[in-house]
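# quick one: sequence and predicted model below, then my questions.
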Amino acid sequence: MGAVRGDTTWPMGVGRRVLAEVDSTNAEAARLAPGLSGPEWILALNQTAARGRRGRVWTHPAGNFAATLVMRPTESPDQVALRSFVASLALFDAFVAATGRSGGLSLKWPNDVLLNGGKLAGILLESAGTREGLSYFAIGIGVNLAQAPGRDMLEEGALRPVSLLSEAGVTVTPEEFLDLLAPAYARYEAKFTTYGFAPIRREWLARAAKLGQTITARTSRDAITGIFETVDEAGNLVLTTPQTRHAIPAAEVFF
Ligand SMILES: O=C(O)CCCC[C@@H]1SC[C@@H]2NC(=O)N[C@@H]21
């Protein structure tokens, strides 16, 4: 890693497990969850069956970052899910610490991190439980540190994948990146548990890609093209069209 380093103090009470290989760190999180006494980061140097959002395959070339933060939160599932914004902000800070600059970085709703307009990192949230409470919650994070996967598997209209190395010229190992990300996550987690979603939402919006511009949200039912107004207090994407204001809980966004 270059000369710039952020806070690498490992957060108290948080576990750290490094695996040479696993099928998927999210799958491992589900297996480990019942025996956990506190939150834990699971980092894998290789994954043989990594998964992406919406049932897609996630490719994991050598040198890229793949980790899952697994926890057993007690809040309502809706509240727990807002941690995807917490994780996005932590990723943003970890990239700033690794590269020494924030220029070119932005956050794409719901939880991608972009660098120079390309996709640098993605987040996959998984959980088990009921509406009353979750038995576990997993935040799976994939970062193209060293290599951007090929474009052959990409959905039409998807952003081009980019890597930290190609765009910023910075070499960071997965272990070094985890040591930046875990403290950053802990800082935002403390803010979230102390002050709620409001400051997280504000900080996320300050880094949002395409805010105030026209975007398209593709849901399981239809596609809505409108002005990206904001993200509301529940984490919904708010789009306005000449007819309506849409608050969208889940969608794929296209620019
Ligand atoms: O589709 C996306 O953008 C989300 C990708 C998430 C990939 C990460 S890699 C670590 C963790 N384990 C998995 O199987 N998936 C997530």
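Nice, I can see it. Numbers count the residues shown, from 1 in each chain.
# please identify the helix or strand for the residue in the stretch 51-200 of the chain positioned nearest to the ligand.
At 2.1 Å from the ligand, Gly122 is the closest residue in the stretch 51-200 of the chain, using CB to the nearest ligand atom. For the C-beta atoms, the positions are set from N, CA and C on the backbone; glycine is no exception. Using DSSP states H and E, Gly122 sits within strand 118-129.
# output that strand as CSV - backbone C-alpha positions only.
Output of strand 118-129 as CSV, limited to C-alpha atoms (Å, rounded to 0.1, in the frame of the first residue of the first chain):
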residue,chain,number,x,y,z
GLY,A,118,-17.2,2.4,-12.9
LYS,A,119,-18.2,-0.2,-10.3
LEU,A,120,-15.4,-0.7,-7.8
ALA,A,121,-17.3,-2.5,-5.0
GLY,A,122,-20.6,-4.2,-4.4
ILE,A,123,-22.5,-5.3,-1.2
LEU,A,124,-24.7,-8.3,-0.7
LEU,A,125,-27.0,-8.3,2.4
GLU,A,126,-28.3,-11.7,3.6
SER,A,127,-30.2,-12.7,6.7
ALA,A,128,-32.4,-15.3,8.2
GLY,A,129,-35.3,-14.9,10.6
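# so which elements touch that strand?
helix 25-32, helix 77-81, helix 83-99, strand 112-115, strand 134-143, helix 164-168 (3 or more CB pairs under 8 Å, 6 or more residues apart in numbering; DSSP states H and E).
# what's the end-to-end length of stretch 99-112?
The first residue of stretch 99-112 is 18 Å away from its last residue (CA to CA, to the nearest Å).
# ok, stretch 106-121 next?
11 Å.
# contacting residues for Thr9?
Pro183 (CB atoms under 8 Å, 6 or more residues apart in numbering).
# apply 10 Å and report the result again.
Residues in contact with Thr9 (CB atoms under 10 Å, 6 or more residues apart in numbering) are Asp179, Ala182, Pro183, Ala186.
# just the closest of those to Gly63, please.
Asp179 (16.0 Å; CB to CB).
# phi, psi of that closest one?
phi -70, psi -20 (degrees, to the nearest 10).
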